[in-house]
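Colleague: okay, here's the prediction I keep looking at, along with the sequence it came from:
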Amino acid sequence: MTGDLVSDLRAALGDRAVLTDPADMAAYVTDWTGSFTGTALAVVRPASTSEVATAVRLCAAAGVGVVPQGGNTGLVGGGVPDSGGDQIVLSLGRMRRVREVDPVADTLTVEAGTPLATVQSAAADAGRLFPLSLGFEGSCTIGGTIATNAGGTAVLRYGMVRELVLGLEVVLPDGRVWDGLRPLRKDNTGYDLKQLFIGSEGTLGVVTAAVLRLLPATPRRATAFVALESVEAATALLPLLREHGGGQLTTWELLGRQALDLVLAHLPGVRDPFGTRHEWYGLVEIAGTSDDVDERLEDALSAAASQGLLLDAVLAGSPAQRESLWALREGVSEAQKSEGATLKHDVTLPISSLARFVAEVGPVLQEALPGVRLVTYGHVGDGNLHYNLSAPVGDDAALQARAGALTRIIYDAVAALGGSISAEHGIGALKRDAVAAYKSGVEVDLMRAVKQAIDPGGVMNSRKVLP
Ligand code: FAD
Ligand code: MLT
Ligand code: ZN
């Protein structure tokens, strides 16, 4: 039957759209982290919404599961198949057309496989801004960011993807197309269906296109990299940055020294902006249309220094300097990957509890695995830490052996402080079991009911997210 499916897919979409050679499929069955590798019956690469619908309909009829995939930059193993070898990967990579830019409605309509960087450029070409920004924006697709409700470094000002999407086109698990591609700002006609698909990680349908909100461009950007004594100082600084930055405060990011050390060790052409070592660093950006952004940032930093919240600061004096400061923050994922075994924890807490979390959990982890390296960084302005661990130097095996226990320590502390075990990366395969432990029974029941209502046959990415 599955042999027939591959022939049917080839007949419907053409030979070149269906890959079955293991060498051709290799890049689609292993994720960016290298922690998740599976096998697939085939990788299918449709070029249009109707081809996606045909592929999904054929899979549903054959009882074969579909794993949607965009740029394969997800960090929780959601976009790759497991080792069962009985699913297909449906790659949106050929659907990368910007369908329309409407400067009056302030919208952009784009196909799901379009790289985020291309969406940003299309907005910039129209003199507007699409504000979603994250480390791998050249590779991740807009469909993948919608499916994961991605966050990034400008959430403080613009919110997550959920707040940037006006309409969606989705192929449902039975192959029907839901045309919700509307540019409406207001639509109170019952349940907001698009929000169900945003953040559903491919478990409810395949996003094929989206209408996105555009915002005013922010050509003036004032950026500083600052040295801080503690996480407490970073959170205490937020109201001050807001007061001086007003609605133009865009970014407030945190890096622990261990994170900076990895960037300095692994990325070419970067340097420590300060002559002295500090424990914590922040990256702040205020962006707008006039030069007052510089003044606002300088005033905020002077006020912070006079209140003893700042140890040192470097302001970017040119676009090149700005880039080099951003490289220190955006390079952490790549640098940590180069260092070896990594355990990622994308946690969120009430901002007022972040400092306590860091102070209390670190010593417990050190006791559980002496020498474990705490690579702490993230979107502190959103209450979101990437509380990642690297192995003790030269002992990757120790981290792998203790992974379950270390993660439990972290998640238990997050739960005790009223936080969540995923802020922006999602559940995927990595946290599927943890969902049962850290979400309430009522929440899990409701999630299962939604899945059952939309995908009763379990076609769409059914081994992900739900416990
Ligand atoms: P994929 O990895 O291909 O897929 C991710 C999930 O979405 C999977 O479950 C997949 O099945 C599903 N999916 C993909 N496309 C579709 C579709 N069209 N329809 C339905 N389901 C689909 N994320 C953040 O939120 N913030 C960050 O700051 C951030 N920084 C990152 C930095 C680095 C270096 C890397 C490698 C990743 C980072 N990420 C970040 C994670 C990742 O880039 C985002 O989650 C991104 O949104 C994934 O997009 P993608 O196209 O690569 O999706
Ligand atoms: C980031 O913000 O850099 C990523 O989301 C974090 C990660 O790779 O863990
Ligand atoms: Zn992040």
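Modeller: Perfect, thanks for sending it. Ligands and ions are numbered 1, 2, ... in the order given.

Colleague: going forward, measure contacts and count neighbours with C-alpha atoms only.
Modeller: OK.

Colleague: show me what stretch 441-456 is in contact with.
Modeller: If you take CA atoms under 8 Å, 6 or more residues apart in numbering as the criterion, stretch 441-456 is touched by 172, 173, 174, 203, 204, 435, 436, 458, 466.

Colleague: let me have the residues you listed in a markdown table, adding secondary structure and distance to ligand 1 as columns.
Modeller: Shown next, in a markdown table, are the contacts of stretch 441-456 (DSSP: H, G, I helix; E, B strand; the rest coil; distance: CA to the nearest ligand atom, whole Å):
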| residue | secondary structure | distance to ligand 1 |
| --- | --- | --- |
| 172 | coil | 10 |
| 173 | coil | 11 |
| 174 | coil | 14 |
| 203 | coil | 7 |
| 204 | coil | 8 |
| 435 | helix | 15 |
| 436 | helix | 18 |
| 458 | coil | 14 |
| 466 | coil | 12 |
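
Colleague: quick one: pLDDT of residue 290?
Modeller: For residue 290, the pLDDT comes out at 89.

Colleague: 11 is where my numbering starts, stick with that
Modeller: Got it, first residue is 11 now, which makes that one residue 300.

Colleague: which ones are touching the closest residue to it other than its chain neighbours?
Modeller: Once flanking residues are discounted, residue 300 sits nearest to residue 230: 6.2 Å by CA to CA, 6 or more residues apart in numbering. Counting by CA under 8 Å, 6+ apart, residue 230 touches 297, 298, 299, 300, 301, 303.

Colleague: can you pick the most crowded of those residues?
Modeller: Among those, the one with the most neighbours (other CA atoms under 10 Å) is residue 297, at 24 neighbours.

Colleague: ok, that residue touching residue 234?
Modeller: No: assessed by CA atoms under 8 Å, residue 297 is found out of contact with residue 234, at 11.8 Å.

Colleague: bridged to the residue nearest to residue 300, which residues?
Modeller: Assessed by DSSP bridges, residue 230 has beta-bridge partners residue 298.

Colleague: which residues are in contact with the closest residue in space to residue 359 that isn't next to it in sequence?
Modeller: Distances taken as CA to CA, 6+ apart place residue 429 nearest to residue 359, at 4.1 Å, with adjacent residues excluded. For residue 429, the contact set (CA under 8 Å, 6+ apart) comprises 357, 358, 359, 360.

Colleague: cool, residue 209 as well?
Modeller: Residue 209 makes contacts with 156, 157, 158, 159, 160, 172, 436, as judged by CA under 8 Å, 6+ apart.

Colleague: 6 Å instead?
Modeller: Residues in contact with residue 209 (CA atoms under 6 Å, 6 or more residues apart in numbering) are 157, 158, 159.

Colleague: so what's the nearest residue to residue 106 once chain neighbours are set aside scoring on pLDDT?
Modeller: Among residues not flanking residue 106 along the chain, residue 124 sits closest, at 3.9 Å (CA to CA, 6+ apart). Looking at residue 124, its pLDDT reads 98.

Colleague: one more: the one 10 residues further on?
Modeller: You'll see residue 134 listed with a pLDDT of 97.

Colleague: can you tell me how far it sits from residue 237?
Modeller: To residue 237, residue 134 is 32 Å away according to CA to CA, to the nearest Å.

Colleague: re the thing from before, ranking the contacts of residue 209 by neighbours, who comes first?
Modeller: Counting by other CA under 10 Å, top hit in these: residue 157 with 28 neighbours.

Colleague: where's it relative to residue 251, distance?
Modeller: Distance from residue 157 to residue 251, by CA to CA: 32 Å.

Colleague: which secondary structure element of this structure has the lowest mean pLDDT?
Modeller: Lowest mean confidence among the helices and strands of the chain (mean pLDDT, DSSP states H and E): helix 12-23, at a mean of 92.

Colleague: helix or strand right after that one?
Modeller: Heading C-terminal from helix 12-23, the first helix or strand you meet, by DSSP states H and E, is strand 28-29.

Colleague: distance between stretch 385-402 and the chain's centre?
Modeller: For stretch 385-402, the separation from the chain centroid amounts to 14 Å (computed by CA atoms, centre = their mean, to the nearest Å).

Colleague: check whether it comes near ligand 1.
Modeller: No: for stretch 385-402 and ligand 1, the contact criterion (CA under 6 Å from any ligand atom) is not met; the two come no nearer than 7.9 Å.
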